[in-house]
Structure formats: C-alpha cells, structure tokens
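> Sequence isn't available, so here's the structure alone:
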Ligand SMILES: NC(=O)CC[C@H](N)C(=O)O
C-alpha cells in the first residue's frame, strides 16, 4: 500500500487526509522531518505560504523536503503549496523550496474575486474538474520542462514537472477525487521505478 503524507505545520491538512484516504492510500500527517522516510509522496497544502515557510525553517524541513524530491519522490503543492514549490515569486526577492522552474504571482486574481469556483478541463485528469480558488496564486511563466495541465482565463493554474505537481486551486475541497487519484498514480509509478532501479 502506498503512503502519502501531508505537511501538517499549517493550513488545509485534514481535507487532504480525507481525500488521500478516498483513493485507498494510507494518509499521514507529517510533523517531523524524520517521518518523510516513511512516505512515498508528499502534499504541501494550502494555507499561507509565508507562515508555512517560517514553520518549515523552524522545524528544519527545508533541506529534508528538497532531498525527498531529489530522490524522485512525488511532491504535490496546492495553492500556498504551489507558491512554496516555485523557483521565483513575483515581487519577492527570495523564493522558497524552488522545486519547479516557474514564476508565480500571489493573490493574483484580485480582491473582488478572492474566492471562486470554475469547471476546468485538466490534462490527464479529465473535463469539468470543479476547481475551488481561495486567494489563489497563478503561474506567470513556466520553463520548457513544465507541462501545463490547466489554465483559467489564460492563466496557468495547474502544472507538472517530472515528479512535481501543483495546482493554484484546492482539489481537496471537492468530492471529485480525480486529481488526488492522478497524484496517487504518480506515487505508484515512482515506487515501481525505484523498485526496478534497485
Ligand atoms: N488558499 C491559499 O493557500 C492561499 C495562499 C495565500 N494567498 C499565500 O500567498 O500563501
């Protein structure tokens, strides 16, 4: 059985746990970096990226998460998690984990439309995915190795780069489990690959 962890320092953790369990995988709240050794994939949840970064540093997660990804293990960032994964953040001198070759803008849909829903076609996932946006970022620029999975009003809102996956919206807030199932498949494939290498 595959085990997927959710970084549980801040943000929408419980909803992700529920959606992971709906795929049949085991779900674990990750509160200490040592727990990363027990999981096959990691979710960085929505919340507040600056606060989450502060907690990542105080709990010494920074290098541990980067190393987790470098081993080829899948990491999925939603909303604030997407911001954490970007190599560049508009208007900020420094990025956070820098796992994906992309530049992102925070709170990018403006105040009036801070939260909204849209039904989007998502590559590999399917049509009419109910995307819930909450003070969402979007991807301003993506490098050639980044595959765009979904856009909304010509802004990129979901992407994949190898073992890294991210969404500006919150798939864990809907009952539609197709997105998390896609991530669970990435986790399964990376485990199979690791087995054949050994
Ligand atoms: N729902 C969310 O995760 C919002 C992200 C938040 N606006 C940030 O900049 O971190």
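Good, I have the coordinates. A quick note: this is a predicted structure, and the numbers were derived from the prediction, not measured.

> Who are the packing partners of the helix-or-strand element of the chain with minimal mean pLDDT?
For the chain, scoring each helix and strand by mean pLDDT, DSSP states H and E identifies helix 178-197 as the least confident one, at a mean of 92. Judged by 3 or more C-beta pairs under 8 Å, 6 or more residues apart in numbering; DSSP states H and E, helix 178-197 is in contact with strand 3-7, helix 13-22, strand 41-44, strand 126-134, strand 164-167. Quick note: C-beta positions are derived from backbone N, CA and C, even for glycine.

> Could I get the buried residue list for that helix?
Using 16 or more other C-beta atoms under 10 Å as the burial criterion, the residues of helix 178-197 that qualify are 178, 179, 180, 181, 182, 183, 184, 186, 187, 188, 190, 191.

> picking that back up, with distance to the ligand as extra columns, can I get the helices and strands packed on helix 178-197 in JSON lines?
As requested, the helices and strands packed on helix 178-197 are exported to JSON lines (distance: least, C-beta to the nearest ligand atom, whole Å):
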{"stretch": "strand 3-7", "distance to the ligand": "13"}
{"stretch": "helix 13-22", "distance to the ligand": "11"}
{"stretch": "strand 41-44", "distance to the ligand": "10"}
{"stretch": "strand 126-134", "distance to the ligand": "4"}
{"stretch": "strand 164-167", "distance to the ligand": "10"}
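
> Of all the ones you listed, which one is nearest residue 96?
Taking C-beta to C-beta as the measure, the helices and strands packed on helix 178-197 were each checked against residue 96, and strand 41-44 came out nearest at 9.5 Å.

> next SSE after that closest one?
Note on strand 41-44: by DSSP states H and E, the next helix or strand toward the C-terminus is helix 49-58.

> What is that following helix packed up against?
helix 80-85.

> what's in contact with the helix it packs on?
7, 11, 43-49, 52-53, 56, 75, 77, 89, 96-100, 104, 106, 137, 139, 164, 166-168 (C-beta atoms under 8 Å, 6 or more residues apart in numbering).

> what's the spacing between it and its chain's center?
7 Å (C-alpha atoms, centre = their mean, to the nearest Å).

> and it, what's its mean pLDDT?
Regarding helix 80-85, the rounded mean pLDDT is 98.

> In the next helix or strand after that helix, which residues are buried?
If you walk from helix 80-85 toward the C-terminus, the next helix or strand you reach (DSSP H and E) is strand 86-89. By neighbour count with 16+ other C-beta under 10 Å, strand 86-89 contains the buried residues 86, 87, 89.

> Local confidence estimate at the nearest residue to the first one once chain neighbours are set aside?
The one in question is residue 86. Spatial nearest neighbour of residue 86, excluding adjacent residues (C-beta to C-beta, 6 or more residues apart in numbering): residue 104 at 4.3 Å. pLDDT, residue 104: 98.

> isn't residue 104 right up against residue 88?
Yes. In terms of C-beta atoms under 8 Å, residue 104 counts as a neighbour of residue 88; the distance is 7.2 Å.

> Okay, now the unreliable bits of this structure?
For the chain, residues meeting the criterion pLDDT under 70 lie at 111-113, 197-198.
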